[in-house]
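1. Any chance you can model this:
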Amino acid sequence: MADPAAAVSERQESSAQASGSGIRYVQYKDENDLPVVMDLVDKELSEPYSVFTYRYFLHNWPHLCFFSYDGDKPFGTVVCKMDMHRDRMRGYVAMLVVDKSYRGKRVGSELVKMAISEMIKGGCEEVVLEAEVVNTGALKLYQGLGFVRDKRLHRYYLNGVDAYRLKLLLPLSGRLAELAEAAEQEAQEALEAGIA
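-> Alright, predicted model coming up:
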């Protein structure tokens with residue numbers, strides 16, 4: 001059996017190159033990546049977060065944070081967690097950010113799929129998140145990944161905007177399972193080819 005510490009180290013250092021696009025995906029490594037997460041999220045999301053919020057997620061679930069890079073420029077991130085909720089493991093997408101100039105290239109979907117893949121490995125049975133009801137781009141992205149609207153949360157955000165609670169039931173079936181498996185295979189092939 002493989003050494004668990006080595007597997008974690010290998011996973012944290014892995015990256016997958018998107019075919020021909022120059023975009024690469026990298027897993028969070030350590031506290032040195034914290035300013036990158038904070039900068040991306042602070043620029044794009046409506047909610048302000050303290051450094052303690054970031055540390056809560058990144059210290060406890062570093063394997064559930066991924067970045068997208070164009071060369072050396074970080075332009076996207078996803079930050080997640082997983083824990084027990086009503087006797088089942090539940091994943092939670094806390095933050096997803098893609099710089100406006102890179103939207104429409106399926107980068108957000110890829111980041112979320114990478115996080116969901118890790119959640120599945122961790123035994124999650126569902127994934128939830130909140131999205132502003134006016135954020136049609138995010139709602140479309142999550143719907144495309146199989147999330148459904150679970151409930152409406154009135155005045156959920158500090159700016160007074162309502163949110164939808166979205167939910168994805170696992171294990172994945174159909175097309176999303178194929179996509180998650182393909183993404184995992186591409187990441188493994190990239191590692192074996194020495195891209196990582």
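
2. Need the distance between the two termini of stretch 123-142.
-> Its first and final residues considered, stretch 123-142 spans 21 Å by C-alpha to C-alpha, to the nearest Å.

3. Quick check: buried residues in that stretch?
-> Applying a neighbour-count criterion of 16 or more other C-beta atoms under 10 Å, the buried positions in stretch 123-142 are Cys124, Glu126, Val127, Leu129, Glu130, Ala131, Glu132, Val133, Ala138, Leu139, Leu141, Tyr142. No exception for glycine: its C-beta is placed from N, CA and C like everyone else's.

4. hey, where'd the strands end up in this structure?
-> Per DSSP state E, the chain carries strands over the ranges 15-17, 23-27, 65-70, 73-85, 88-98, 126-132, 148-153, 163-169.

5. Gly144 touches Val112, doesn't it?
-> No - judged on C-beta atoms under 8 Å, Gly144 makes no contact with Val112 at a distance of 9.9 Å.

6. more crowded one of these two?
-> It is Val112, of Gly144 and Val112, that has more neighbours when counted by other C-beta atoms under 10 Å, with 23 against 15.

7. could you give me the average pLDDT of stretch 157-168?
-> The predicted model gives stretch 157-168 an average pLDDT of 92.

8. Measure how far it is from the centre of its chain, please.
-> For stretch 157-168, the distance from its own C-alpha centre to the chain's C-alpha centre is 18 Å (C-alpha atoms, centre = their mean, to the nearest Å).

9. Format the CA atom coordinates belonging to that stretch as PDB.
-> Listed in PDB are the C-alpha atoms of stretch 157-168, where the atom choice follows Å, rounded to 0.1, in the frame of the first residue of the first chain:
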ATOM      1  CA  TYR A 157     -26.000  38.300   1.500                       C
ATOM      2  CA  LEU A 158     -24.800  41.500   3.200                       C
ATOM      3  CA  ASN A 159     -25.800  43.500   0.100                       C
ATOM      4  CA  GLY A 160     -29.400  42.300   0.700                       C
ATOM      5  CA  VAL A 161     -29.600  40.000  -2.300                       C
ATOM      6  CA  ASP A 162     -31.400  36.600  -2.000                       C
ATOM      7  CA  ALA A 163     -29.500  33.400  -2.600                       C
ATOM      8  CA  TYR A 164     -30.400  30.000  -3.800                       C
ATOM      9  CA  ARG A 165     -29.100  27.000  -1.900                       C
ATOM     10  CA  LEU A 166     -27.900  24.600  -4.600                       C
ATOM     11  CA  LYS A 167     -27.400  20.900  -4.000                       C
ATOM     12  CA  LEU A 168     -25.700  18.100  -5.900                       C
END
